[in-house]
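S.K.: just need the structure, nothing else, for what follows:
(chains A, B, C and D)
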Number of protein chains: 2
Amino acid sequence: MPPIKVKNAGKSVSAKRKSGVTGKAVTRIQREKQDAILEAALDVFSLHGFRGATIDQIAEQAGMSKPNLLYYFPRKEEIHKRLMKTMLDTWLQPLREFSAEGDPIPEIRSYIRRKLEMARDYPRESRLFANEMLQGAPRLIDILEGELKDLVDEKVAILLSWMDEGKIARTDPYHLIFSIWATTQHYADFDVQVRAVLGKDRGGEGRFEDAARFLENLFMQGIAPTKLPSR
Amino acid sequence: MPPIKVKNAGKSVSAKRKSGVTGKAVTRIQREKQDAILEAALDVFSLHGFRGATIDQIAEQAGMSKPNLLYYFPRKEEIHKRLMKTMLDTWLQPLREFSAEGDPIPEIRSYIRRKLEMARDYPRESRLFANEMLQGAPRLIDILEGELKDLVDEKVAILLSWMDEGKIARTDPYHLIFSIWATTQHYADFDVQVRAVLGKDRGGEGRFEDAARFLENLFMQGIAPTKLPSR
DNA sequence: GTCTATATATTGATAGAC
DNA sequence: GTCTATCAATATATAGAC
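M.R.: Below is the predicted model:
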């Protein structure tokens, strides 16, 4: 699996000299400090959730004092908000790229592969998201019911049209998407368990290749158009 | 899906009059208080993780004062330890019941159904477990590498023998189990997201029936013996 | 067994010197 | 911008009266 390219996870080019929130000019050193904070915060929030994370921990990991950190992000919640924003952008990219243009089977296979690559390359983002879900998504529920639902509905329509055309087996498109999410993200969120169960001999880096092979096979069988429609 | 019976989630019969830890006699009222605490703690821990949960919250939810709670469980960690213990017992039951005796296809189908019923009926236990995984399983790693790995290895051997006999398709048994775990637990751990995406019309109680139909179909296709072995 | 009161540490956040 | 010092709130846990 090759590394995947993702939209600039930092600030957008147009915001290079202005902070979107405050409108104040932003120097290179300011951006570097902010990035160090966000990087450290991703570690801590993804591990302990919002309430379990402490500013102390984040500041230490970022290599600065607590008041210094609070100079850049006056409130704990704002760090978290920023992380969630950029995380969601990265996280939903594979689904956005899911296209009606290509052939159905390769398109779905490719989506699975990209999602698994995300779990491999961005496990902290996956855990940050999972933490928020476990807590009932108090800071994300609006996006789930709005932007995310709209995006999924759009892709579900594509899947349904493919089913109508007999290009893939008739099955529940929502639960198909849920299953792809669940199986791929599992390798980030439950990584400890995966490693522990596979043991030393099989728990190395090769586990993602094995997972990719298995998942592509599983879902390709599940949507093969030669099969009878699910009852 | 009928409700499932699970081994007594409270104290075992033989421990009815003795507390396993202290050896002291335990009255009915003591058990009731302990149960109320554990019940409330399951709510709070499953929502906020170990560090994010507070004794205040648990005590309030259990309807007692903080010192009163600490009379029964002198340390926060001991409440969590007890919860993890009983949770794991409940949680691994479906896998323990997975038997080499029955026919392969119905046996696997039945395992999927039971795991999904667990997600439906014990979502808090699922989230408690997920929270621990996200944190790197600091309080559970020994069990994962010991008891759980042994149990999985045992069931993997059964799956492999079925593959050798041509009764199910040849595929990676570990990742098959991971996929079943991931897809079923998803409906407990990511419940908010599932509801949000399905919307008002499809996000009701029927979602578990839909999920069961989809998952059984997906995995039955994936392991059907008529298929060629996965390359 | 349950309460009020409190000890002790940690938390998010601020003040003000430099 | 960064620091030390510190505040107010909250955290786990204990003391001791009843």
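
S.K.: how about residue A:151, nearest residue that isn't a chain neighbour?
M.R.: Distances taken as CB to CB, 6 or more residues apart in numbering or on different chains place residue A:95 nearest to residue A:151, at 6.0 Å, with adjacent residues excluded. C-beta: built from backbone N, CA, C; applies to glycine.

S.K.: show the contacting residues for residue A:161.
M.R.: Counting by CB atoms under 8 Å, 6 or more residues apart in numbering or on different chains, residue A:161 makes contact with residue A:100.

S.K.: so it versus residue B:214, what's the distance?
M.R.: 19 Å (CB to CB, to the nearest Å).

S.K.: secondary structure class for residue A:204?
M.R.: coil (DSSP: H, G, I helix; E, B strand; the rest coil).

S.K.: pull the number of nearby residues for it.
M.R.: Residue A:204 has 11 neighbouring residues, counting by other CB atoms under 10 Å in any protein chain shown.

S.K.: can you tell me the element the spatially most central residue of chain A falls in?
M.R.: Centroid check for chain A by CA atoms, centre = their mean gives residue A:91 as the closest residue, at 3.1 Å. Secondary structure from DSSP states H and E places residue A:91 in helix A:76-97.

S.K.: C-terminal to that helix, what's the next element?
M.R.: Next element after helix A:76-97 (DSSP H and E): helix A:104-121.

S.K.: which outside residues touch that following helix?
M.R.: By CB under 8 Å, 6+ apart, helix A:104-121 touches A:1, A:3-4, A:90-91, A:94-95, A:97-99, A:102, A:125-126, A:162, A:167-168, A:180-181, A:184-188, A:208, A:211-212, A:215-216, A:219-220, A:223-224.

S.K.: residues of that helix that come out buried?
M.R.: By 16 or more other CB atoms under 10 Å in any protein chain shown, the buried positions in helix A:104-121 come out as A:104-105, A:107-121.

S.K.: likewise stretch A:41-59?
M.R.: A:41-53, A:55, A:57-59.

S.K.: and if you look at stretch A:82-92?
M.R.: A:82, A:83, A:84, A:86, A:87, A:88, A:90, A:91.

S.K.: that one vs chain B: in contact?
M.R.: No - using CB under 8 Å from any CB of the partner chain, stretch A:82-92 stays clear of chain B, with a minimum separation of 11.8 Å.

S.K.: so does that stretch get close to DNA strand C?
M.R.: No - figure legend: stretch A:82-92 not in contact with DNA strand C (CB under 7 Å from any atom of the strand); closest approach 13.3 Å.

S.K.: tell me the mean pLDDT over that stretch?
M.R.: Mean pLDDT, stretch A:82-92: 96.

S.K.: what comes up buried for the host helix or strand of residue A:151?
M.R.: Assigning secondary structure by DSSP H and E places residue A:151 in helix A:149-164. When burial is assessed from 16+ other CB under 10 Å, helix A:149-164 yields the following buried residues: A:149, A:152, A:155, A:156, A:158, A:159, A:162, A:163.

S.K.: what is the helix or strand following that helix packed up against?
M.R.: Per DSSP H and E, the first helix or strand lying C-terminal to helix A:149-164 is helix A:173-189. Secondary structure elements in contact with helix A:173-189, counted by 3 or more CB pairs under 8 Å, 6 or more residues apart in numbering or on different chains; DSSP states H and E, are helix A:104-121, helix A:123-134, helix A:149-164, helix A:207-223, helix B:123-134, helix B:173-189, helix B:191-202, helix B:206-223.

S.K.: okay, the angle between helix A:173-189 and helix A:207-223?
M.R.: Put simply, helix A:173-189 runs at 170 degrees to helix A:207-223, going by axes from the mean of the first three to the mean of the last three CA atoms, to 10 degrees.

S.K.: work out the gap between helix A:173-189 and the centre of the chain.
M.R.: Centroid separation between helix A:173-189 and its chain, computed with CA atoms, centre = their mean, to the nearest Å, is 11 Å.

S.K.: how about the nearest residue to residue A:137 once chain neighbours are set aside, what does it touch?
M.R.: The shortest distance from residue A:137 to any residue other than its chain neighbours is 4.5 Å, reached at residue B:192 (CB to CB, 6+ apart). By CB under 8 Å, 6+ apart, the contact list for residue B:192 reads A:133, A:136, A:137, A:141, A:144.
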